[in-house]
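Asks: Structure for the following, please:
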Amino acid sequence: MALDVRRLLILRAVLRAGSITAAARDLGWTQPAVSQHLRALERDAGVPLLLRTSTGVTATEAGAALLGRADAVAAELHAAEEELAALAGLRAGRVRLQAFPSGAATLVPAAIEALARAHPGVTVGLEEAEPETSVPAVLAGDADLALAFAHEGPPADLGPLVWRPLLVEPVLLVTGPGRPALSTLAALADEPWVGGCVRCRTHLLAACRAAGFEPALRHTTDDYVVVQNLVARGLGVTALPASALAAYRHPDVTVRPLAGLGERHVGVVHRVGADAVPATAALLSRLETVAAAGTSVRPVGVGAAD
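Replies: Purely as a prediction, here's the structure:
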């Protein structure tokens, strides 16, 4: 059995889009042409790959297995394109980067700027995404790099992907005007709290429980600007990583380190061998340089621990 790679990628597009019509539109093809290639692929495979309904298509067990392989093929084809571009001395190439919000606001712009100065023909496509989305995107071949984070150590659930560490940053206590300086996390047990993204919120809950109390989460938001605006108006206290406070610092909040809030590990996730693709390697190098300098993720005006 010999499977046509082009048809395999068409199957991937159809399953991603959820229907043959939507995939044809994305591919710039006609619906009959897409259907013809799918029938040929199923004939080559010897088993049905799609379940067709009035609302779209879903994968059979065999189709789902092929989709995983198709993701890997798409990623490898993109890597091959980038390697060929590198033969021209990085005069061309594109890197697809997904990054969590505070990283996208601090580390990423400086790294892309440095890359653009050195290799103006290389472009970076940036998409903002939390690690729960960006890491699977790398695995699926939809992104080359994911700037991601985990608390208290590198992520443990990366499977075949590679973790390249960039920096470790503290998680800091953020309080509003008129709040007394407190020396322990347990002293904040009666305060209302503002929670951040799901991963940060999970870490906050674990830290507070380790300190002996269940925090009252009055507000939750993924936006660190909204978090600080709520805190600045006395509507709660919060904990934010240093990079979020470097990206934006409300003038009316007080920031200080506090034992028990822990730290956050920031790094880049990529497929095995992706760092050998010159355009991708060039962006990785700039991210490492910016992270090592530390200036883009260092918040100003952090008070001393009490």
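Asks: Select the longest strand from this structure.
Replies: In the chain, ranked by residue count with DSSP state E as the criterion, the top strand is strand 162-175.
Asks: Please enumerate residues in contact with the following helix or strand past that strand?
Replies: Beyond strand 162-175 on the C-terminal side, the first helix or strand identified by DSSP states H and E is strand 192-195. Applying CB atoms under 8 Å, 6 or more residues apart in numbering, the external contacts of strand 192-195 come out as 201, 204, 208, 215-221, 227, 230-231, 235-238. Quick note: C-beta positions are derived from backbone N, CA and C, even for glycine.
Asks: what do you get for stretch 4-13?
Replies: The contact list for stretch 4-13, computed with CB under 8 Å, 6+ apart, reads 23, 26-27, 34, 37-38, 40-41, 44, 49-50, 63, 66-67, 69-71, 73-74, 77.
Asks: So which of the residues you listed are in strands?
Replies: Taking DSSP E as the definition of strands, the contacts of stretch 4-13 contribute Leu50.
Asks: what number of residues lie near Val269?
Replies: A total of 24 residues lie near Val269 under the criterion other CB atoms under 10 Å.
Asks: Please identify the helix or strand for it.
Replies: Assignment of secondary structure by DSSP H and E places Val269 within strand 263-270.
Asks: Tell me which residues of that strand come out buried.
Replies: Buried residues in strand 263-270, counting neighbours by 16 or more other CB atoms under 10 Å, are found at Arg264, His265, Val266, Gly267, Val268, Val269, His270.
Asks: Equivalent analysis for stretch 192-202, please.
Replies: Within stretch 192-202, the residues that count as buried by 16+ other CB under 10 Å are Pro192, Trp193, Val194, Gly195, Gly196, Cys197, Arg199, Cys200, Arg201.
Asks: would CSV of those residues with distance to Arg286 and pLDDT be doable?
Replies: Compiled in CSV, the buried residues of stretch 192-202 are given as follows (distance: CB to CB, whole Å; pLDDT from 0 to 100):
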residue, distance to Arg286, pLDDT
Pro192, 41, 95
Trp193, 36, 96
Val194, 33, 96
Gly195, 33, 94
Gly196, 27, 90
Cys197, 25, 89
Arg199, 25, 90
Cys200, 26, 92
Arg201, 31, 92
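Asks: list the contacts for the closest residue to Cys208 other than its chain neighbours?
Replies: Nearest residue to Cys208 in three dimensions, chain neighbours excluded: Pro215, at 4.3 Å (CB to CB, 6 or more residues apart in numbering). Under the criterion of CB under 8 Å, 6+ apart, the contact partners of Pro215 comprise Leu188, Ala189, Glu191, Trp193, Leu204, Leu205, Cys208.
Asks: for His151, same thing?
Replies: Residues counted as contacts of His151 (CB under 8 Å, 6+ apart) are Val171, Arg199, Cys200, His203, Gly262, Glu263, Arg264, His265.
Asks: hey, what's the last one bridged with?
Replies: According to DSSP bridges, Ala150, Val168 are recorded as the beta-bridge partners of His265.
Asks: What score does Gly28 have for pLDDT?
Replies: At Gly28, the predicted lDDT confidence score is 89.
Asks: how near is it to Arg233?
Replies: Distance, Gly28 to Arg233, using CB to CB, to the nearest Å: 50 Å.
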